[in-house]
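Peer 1: sequence first, then the predicted structure:
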Amino acid sequence: MSAPPPFRRDRMVHAWIGVKALSDVGDALWTIALAWTAVQIASPAVAGLIVAAGALPRAVVLLFGGALADRTDARRVMILCNTVRVAVLCTVAVWVLQTPPTVPLLLGAAVAFGVCDAFFEPSAGTISRRLVRAADLPSYGAVAQTASRLGTMGGAAVGGVLVANAGLAGSASANALTFSLVVGFLAIALRPRFRLARSPRTSSLQAIGAAFRHLRVEPTTRILVIALSGLNLAVGPAVGIGLALRAHAEGWGAPAVGLFEALLGLGAAAGAVAVVRRRPRHEARSGFAALVVQGAAIVALGFGPAWTVAVAAAIIGATAGYASVLLSATFAATVDTAYLGRMSALTRLGDDCLMPLAMAVFGALASVTALWVPFAVFGGVMMALMIMPLSARTFRTLALRADA
């Protein structure tokens, strides 16, 4: 396979990043349309069930998706999954043009998307390793994450307007179009440059068992999987529940929550861009150090007036964007490629399975203690957990660039 050009001149990869960002626009449109339609036709409890319906099947199937990604052509899996998504969205659009949307229809669509996600995401997690050199993974990740965030923000901004004027059918059709573009680009234009080692063709259960055995004997991979699995477990509840609780308790109102969320997003984009403009020599060490700062900023969310919370939110966003790019690149570059799909699935499984528990624990602490306590506990735990990778010589010295 041909060697790729330097990332800054890699037009094929740039085009892929743009197509994927456009797909993120469609996803945001669909998510808002699904939630809005569910609220209109069902009780709040049922609407919440519809919105969350994809999480359980995704969690159940995710490791099987990882096993598939490690023994087949990931690009073909991505094409198949997106084709199924297009079919689901077209079915929804045609259905609601003829009859009003129903709860079973929305539940079916959400579950189908969850299953598709479970097979798509592990394969998508390996595609960067097949497109760019290991040394270019941080630059690729920074640009891709920034484009994805902007796409999601743009889609969310127009999603409400679209569903109000075109309904669920219009939103589903728009997302079907974006997925069709992804399928076309994957099939026609995207050409992987690097071969990855493939896992033996065993049963899926045997492949999953082999993944856990691999974690036992590979401490570097184990630490990375644990770290990436838990990246959001401290910050997710703090910003998802904690900011609203603080704004309510202090009388700042809903606009303050919107401002804090906007600062998080802008900070994350700035953090990702910072990797491109001034990339550190030791990616893993810098990424884990940024998470120590993030832990301190989570603690700071529980104290002070609105402006200090706003500053803390911006710092959390910046450190999240910066660390996720560096650690994701380190992960993709160092994990044995025969296990990359399964390891990617495990990192996602942490969010799917443990995030609801983390949210519940944060809320319970806020209910029985002073409001600053859960912020201090979650931020303190994050800082303490970063001691493990930062104390390991492997991560202190690891560098993806040959000149580091």
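Peer 2: Everything's here; your move.
Peer 1: center of this protein - which residue?
Peer 2: Nearest residue to the geometric centre of the chain (C-alpha atoms, centre = their mean): Arg348, 7.9 Å.
Peer 1: now do the contacts for it.
Peer 2: The contact partners of Arg348, taken as C-beta atoms under 8 Å, 6 or more residues apart in numbering, are Leu62, Glu121, Pro122. Where you see a C-beta, it was placed from the backbone N, CA and C, and this is true even at glycine.
Peer 1: could I get the pLDDT score of the second one?
Peer 2: The reference is to Glu121. Here the pLDDT value assigned to Glu121 is 85.
Peer 1: tell me the gap between stretch 375-395 and the middle of its chain.
Peer 2: When C-alpha coordinates are averaged (C-alpha atoms, centre = their mean, to the nearest Å), stretch 375-395 and its chain have centres 21 Å apart.
Peer 1: show the end-to-end separation of it, please.
Peer 2: Start and end residues of stretch 375-395 are separated by 28 Å (C-alpha to C-alpha, to the nearest Å).
Peer 1: other residues contacting that stretch?
Peer 2: By C-beta under 8 Å, 6+ apart, stretch 375-395 touches 219-220, 223, 227, 230, 234-235, 237-238, 242, 284-285, 288-289, 291-292, 294-303, 358, 362, 365, 396.
Peer 1: could you list the buried residues of it?
Peer 2: Residues Phe375, Ala376, Val377, Phe378, Gly379, Met382, Met383, Leu385, Met386, Pro389, Ala392, Phe395 are the ones in stretch 375-395 that count as buried (16 or more other C-beta atoms under 10 Å).
Peer 1: how near is the most far-flung residue of the chain relative to its centre to Ala33?
Peer 2: Centroid-distance maximum for the chain: Gln98 at 35.0 Å, with C-alpha atoms, centre = their mean. Applying C-beta to C-beta, to the nearest Å, one obtains 17 Å for the distance of Gln98 from Ala33.
Peer 1: gap between Val96 and Gln40?
Peer 2: 12 Å.
Peer 1: likewise for Ala142?
Peer 2: Counting by C-beta to C-beta, the gap from Ala142 to Gln40 is 39 Å.
Peer 1: the two: which has the busier surroundings?
Peer 2: Taking neighbours as other C-beta atoms under 10 Å, Ala142 and Gln40 compare with Ala142 leading, 27 against 12.
Peer 1: and the host helix or strand of the more buried one, what does it pack against?
Peer 2: Ala142 belongs to helix 137-188 when elements are defined using DSSP states H and E. Under the contact definition 3 or more C-beta pairs under 8 Å, 6 or more residues apart in numbering; DSSP states H and E, helix 137-188 sits against helix 11-41, helix 74-98, helix 103-131, helix 254-277, helix 306-334.
Peer 1: centre of the chain to the next helix or strand after the first one, how far?
Peer 2: Just to be clear, that refers to helix 11-41. Next helix or strand after helix 11-41 toward the C-terminus (DSSP H and E): helix 44-52. In terms of C-alpha atoms, centre = their mean, the centre of helix 44-52 is found 22 Å from the chain centre.
Peer 1: helix 44-52 - contacts with which helices or strands?
Peer 2: Against helix 44-52 (3+ C-beta pairs under 8 Å, 6+ apart) you get helix 11-41, helix 103-131.
Peer 1: show me where pLDDT drops low in the chain?
Peer 2: 1-2, 44, 254, 401-404 (pLDDT under 70).
Peer 1: and the closest residue to Ala289 other than its chain neighbours, helix, strand or coil?
Peer 2: Leaving aside its chain neighbours, Ala289 sits nearest to Leu390 (6.7 Å; criterion: C-beta to C-beta, 6 or more residues apart in numbering). Judged by DSSP: H, G, I helix; E, B strand; the rest coil, the three-state class of Leu390 is helix.
Peer 1: distance of Leu390 relative to Ile188?
Peer 2: For Leu390, the distance to Ile188 - C-beta to C-beta - is 45 Å.
Peer 1: now swap in Gly170 and tell me
Peer 2: Distance from Gly170 to Ile188, by C-beta to C-beta: 27 Å.
Peer 1: thinking again about what came up before, buried ones among the contacts of stretch 375-395?
Peer 2: Buried among the contacts of stretch 375-395 (16+ other C-beta under 10 Å): 220, 223, 227, 230, 234-235, 237-238, 242, 284-285, 288-289, 291-292, 294-302, 358, 362, 365.
Peer 1: contacts only, for the nearest residue to Ile316 once chain neighbours are set aside.
Peer 2: The spatial neighbour of Ile316 that comes closest, neighbours along the chain excluded (C-beta to C-beta, 6+ apart), is Ala297 at 4.7 Å. Contacts for Ala297 (C-beta under 8 Å, 6+ apart) come out as Ala312, Ala313, Ile315, Ile316, Thr319, Gly379.
Peer 1: how near is Ala297 to Leu228?
Peer 2: 19 Å.
Peer 1: repeat that for Thr72.
Peer 2: In terms of C-beta to C-beta, Thr72 sits 23 Å off from Leu228.
Peer 1: give me the more crowded residue out of those two.
Peer 2: The residue with more neighbours, out of Thr72 and Leu228, is Leu228; 22 against 15, by other C-beta under 10 Å.
Peer 1: not counting its neighbours along the chain, what's nearest that one?
Peer 2: Nearest one to Leu228, counting by C-beta to C-beta, 6+ apart, is Thr347 at 4.2 Å.
Peer 1: equivalent analysis for Asp351, please.
Peer 2: Asn232 (5.6 Å).
Peer 1: which residues sit against the stretch of helix or strand the one you found belongs to?
Peer 2: Using DSSP H and E, Asn232 sits in helix 231-237. For helix 231-237, the external contacting residues (C-beta under 8 Å, 6+ apart) are 291, 294-295, 298, 316, 320, 323-324, 327, 350-351, 354-355, 358-359, 361-363, 374, 378-379, 381-382.
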